[in-house]
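Asks: Provide a 3D model corresponding to the input given below.
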Amino acid sequence: MSDLLPELPSGAFRRIDNADDLEFYAPARLVTHIDEGARAALTAFYAETLPDSGVIFDMMSSWVSHLPAELAAVEVIGHGMNAEELTANPRLTRWFIQDLNTQPILPLSDGSVDAALCCVGAQYLTRPVEVFADLRRSLRPGSPVIVSFSNRCFPTKAVAIWRSLGPEGHAELLTLYLERAGFSDVRTHVLARGSSCDPMTAVVGRA
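Replies: Predicted coordinates for the structure are as follows:
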């Protein structure tokens, strides 16, 4: 990882809890990790940004994808760490379980996806550039990846560099990840500032 992100300090991707992630996520957590206002802001942004139809990949998903009801996706592929959560997600047409920190290569064909989402999950990646580079491989040229975050996380599983930064730093870090992974036109969008709901920010890049 130091070869891919040499500007980050030593130990940037250390975690408090480095035990098996699949064991940590084994108990189903059928709760939302952002509040109603933040969810509404994210869904509205998806409605503006995602293609009207096509194949959507929801990376690091759970039992809810926050997609707009009117989105006519041909297929929504889910990835996560808990089968019960993914089974409960009504928007997924198929899904798979994979620990991206041990296996960053996605089981997706080259250029087979029209848009990708990663909601409140990037803080747990210990090999983010490898994961996002392979995600870019799976996207059709010009397709968006939307990486969103709030101020909540499982702190013992979040990497050290994430825990050390505030919201602006998180956006800059995600921008670095995406640009280093080969995405272009990377931009930050503040969706909710946190005055009346959880803060919500999205960083968007193009394959």
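
Asks: in its sheet, what does the longest strand anywhere in the chain sit against?
Replies: For the chain, the strand with the greatest residue count under DSSP state E is strand 184-192. Paired strands of strand 184-192, with direction, are strand 200-206 (antiparallel) (DSSP bridges).

Asks: one step back: could you pull out the buried residues of the longest strand of the chain?
Replies: In terms of neighbour count (16 or more other Cβ atoms under 10 Å), strand 184-192 has its buried residues at Val186, Thr188, His189, Leu191, Ala192. Bear in mind the C-beta positions are built from the backbone N, C-alpha and C, glycine included.

Asks: from these, which single one is nearest Pro68?
Replies: Leu191 (13.8 Å; Cβ to Cβ).

Asks: any idea of the pLDDT on that closest one?
Replies: Looking at Leu191, its pLDDT reads 97.

Asks: In contact with it: list those residues for me.
Replies: By Cβ atoms under 8 Å, 6 or more residues apart in numbering, the contact set of Leu191 is Ala38, Ala41, Leu42, Ala44, Phe45, Ser148, Met200, Thr201, Ala202.

Asks: Next, count neighbours for the last one.
Replies: Spelled out, it's Ala202. The burial count assigned to Ala202 is 24, neighbours taken as other Cβ atoms under 10 Å.

Asks: didn't it look like it was pressed against Ser148?
Replies: Yes: Ala202 lies in contact with Ser148 (Cβ atoms under 8 Å); the separation is 4.4 Å.

Asks: overlap in contacts of those two?
Replies: If you check Ala202 and Ser148 against Cβ under 8 Å, 6+ apart, the residues they both contact are Leu42, Leu191.

Asks: Out of the contacts of Leu191, give me the one that has the most neighbours.
Replies: Most surrounded of those: other Cβ under 10 Å gives Met200, at 27 neighbours.

Asks: That one touches Ala40, doesn't it?
Replies: No: using Cβ under 8 Å, Met200 is not in contact with Ala40, being 9.3 Å away.

Asks: Give me the residue ranges of the chain where confidence is low.
Replies: Within the chain, the segments meeting pLDDT under 70 span 1-2, 30-33.

Asks: let's see it at 80
Replies: The model of the chain has pLDDT under 80 over residues 1-3, 25, 27-33.

Asks: now the strands: where do they sit in the chain?
Replies: Assigned by DSSP E, the strands in the chain fall at 55-59, 75-80, 94-97, 115-119, 144-149, 184-192, 200-206.

Asks: Buried residues in stretch 50-67, which are they?
Replies: 50-51, 54-67.

Asks: returning to that earlier point: may I see the strands of the chain arranged in a markdown table, with distance to Lys157 as well?
Replies: Converted to a markdown table, these look like this (distance: least, Cβ to Cβ, whole Å):
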| stretch | distance to Lys157 |
| --- | --- |
| strand 55-59 | 16 |
| strand 75-80 | 14 |
| strand 94-97 | 16 |
| strand 115-119 | 15 |
| strand 144-149 | 14 |
| strand 184-192 | 24 |
| strand 200-206 | 20 |
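
Asks: Distance check, the residue most central in space within the chain against Pro9.
Replies: Centroid-nearest residue in the chain: Cys118, 1.8 Å away (criterion: Cα atoms, centre = their mean). Relative to Pro9, Cys118 is positioned 24 Å away (Cβ to Cβ, to the nearest Å).
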